[in-house]
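Student: Kindly return the folded structure for what I paste below:
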Amino acid sequence: MSGLHVGTSGWGYPSWQPDFYPAGIDRSDFLSFYAGRLDAVELNATKYRLPSEAQFRSWAAQVPDGFRFAVKAPDGIERRLATFEERVRCLGDRLGCVRVVVEGPRDDGFLELLLGSVDPAIRYALDLRDPSWDGAEERLAEAGAVRVGDSAGRADWAYLRFRELRYSAAELERLASEVGGLTKTVDETFGFFRHGEEPDAPVAAVQLDAACRAMR
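Tutor: Alright, predicted model coming up:
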């Protein structure tokens, strides 16, 4: 199921030791250990500070082939798009997509500006928080983009976020059924669990990934 990428929102949490990260592992080795168990992660630090090209290359070098980063865009990305895209391209084939969080109500002018300006080689997932954006999914799909949480299969890929901090076995089974079904509709699916102080997110991600792959 090469088109399935399951992970968590971030990876650098010391509180995940020793239940996910071994007790003796240094924090600088967290990413490489994480990438040995999961094949995707949301890169959130980029919302607050745009890392250097060297930092993006360093992250890419710590993960194996097939691993994907979902990079969170900074606020006002439309004003510094060229620089942002130049940096994230340094992830090479480890760049899965970019997530843009939009808190405000529907603004079709902003949407057209963004979709008309981005590099079509970079996939964008728009996290449209206000319900007034309902119905924008078709326009996004026309541009090769997706709305976060849309599982209708309008585009050839999808981006899901699982926001509960803990999931029961029954809930994970339900998620596996939904995600497994989606992977039969689209070419690539990203699914990320919300992080917490306890390592419930990476544990759930490992379990979901295994359950989906068992459904092949």
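Student: secondary structure class for the residue nearest to the spatial centre of the chain?
Tutor: Central residue of the chain (Cα atoms, centre = their mean): Ala70, 3.9 Å from the mean position. At Ala70, secondary structure determined by DSSP: H, G, I helix; E, B strand; the rest coil is strand.
Student: surely it meets Thr46?
Tutor: No - if you go by Cβ atoms under 8 Å, Ala70 and Thr46 don't touch, sitting 10.2 Å apart. Backbone N, C-alpha and C define where each C-beta goes, glycine included.
Student: now the strands for the chain?
Tutor: Along the chain, counting by DSSP state E, strands occupy 4-9, 40-43, 68-72, 95-102, 124-128, 146-147, 157-162, 188-193.
Student: Report the outermost residue of the chain with respect to its centre.
Tutor: Relative to the chain centroid, the chain (Cα atoms, centre = their mean) has Gly24 farthest, 28.1 Å.
Student: what pLDDT does the residue nearest to Pro202 when sequence neighbours are not counted get?
Tutor: Distance criterion Cβ to Cβ, 6 or more residues apart in numbering; nearest residue to Pro202, sequence neighbours excluded, is Phe20 at 4.9 Å. Reading off the confidence values, Phe20 has pLDDT 95.
Student: Equivalent analysis for the one 3 residues further on, please.
Tutor: With respect to pLDDT, Ala23 scores 94.
Student: follow-up on the earlier one: just the strands of the chain: most buried one?
Tutor: Burial among these, expressed as mean neighbours by mean count of other Cβ atoms under 10 Å, is greatest for strand 146-147, which shows a mean of 26.
Student: wait, doesn't Leu38 sit right on Pro202?
Tutor: Yes - with contact taken as Cβ under 8 Å, Leu38 and Pro202 are classed as touching, separated by 6.7 Å.
Student: between those two, what contacts are shared?
Tutor: Thr8 (Cβ atoms under 8 Å, 6 or more residues apart in numbering).
Student: The worst-scoring helix or strand of the chain on mean pLDDT versus strand 188-193: what angle between them?
Tutor: Among the helices and strands of the chain, helix 169-183 carries the lowest confidence by mean pLDDT, DSSP states H and E, at a mean of 90. Note on geometry: by axes from the mean of the first three to the mean of the last three Cα atoms, to 10 degrees, helix 169-183 and strand 188-193 are set 160 degrees apart in direction.
Student: Please identify the buried residues of helix 169-183?
Tutor: For helix 169-183, a neighbour-count test (16 or more other Cβ atoms under 10 Å) marks 172, 175-176, 179-180, 182-183 as buried.
Student: Likewise for stretch 19-27?
Tutor: Buried positions in stretch 19-27, judged by neighbour count with 16+ other Cβ under 10 Å: 20-21.
Student: what's the span of that stretch from first residue to last?
Tutor: Criterion Cα to Cα, to the nearest Å; first-to-last residue distance in stretch 19-27 is 14 Å.
Student: would you list every one of the helices in this protein?
Tutor: Secondary structure of the chain, counting by DSSP state H: helices at 30-35, 53-61, 81-88, 108-117, 137-142, 169-183, 200-214.
Student: now for the third one, which elements pack on it?
Tutor: Contact analysis of helix 81-88 by 3 or more Cβ pairs under 8 Å, 6 or more residues apart in numbering; DSSP states H and E lists helix 53-61 as its packing neighbours.
Student: mind running it again at 10 Å?
Tutor: When contacts are defined as 3 or more Cβ pairs under 10 Å, 6 or more residues apart in numbering; DSSP states H and E, helix 81-88 sits against helix 53-61, strand 68-72, strand 95-102, helix 108-117.
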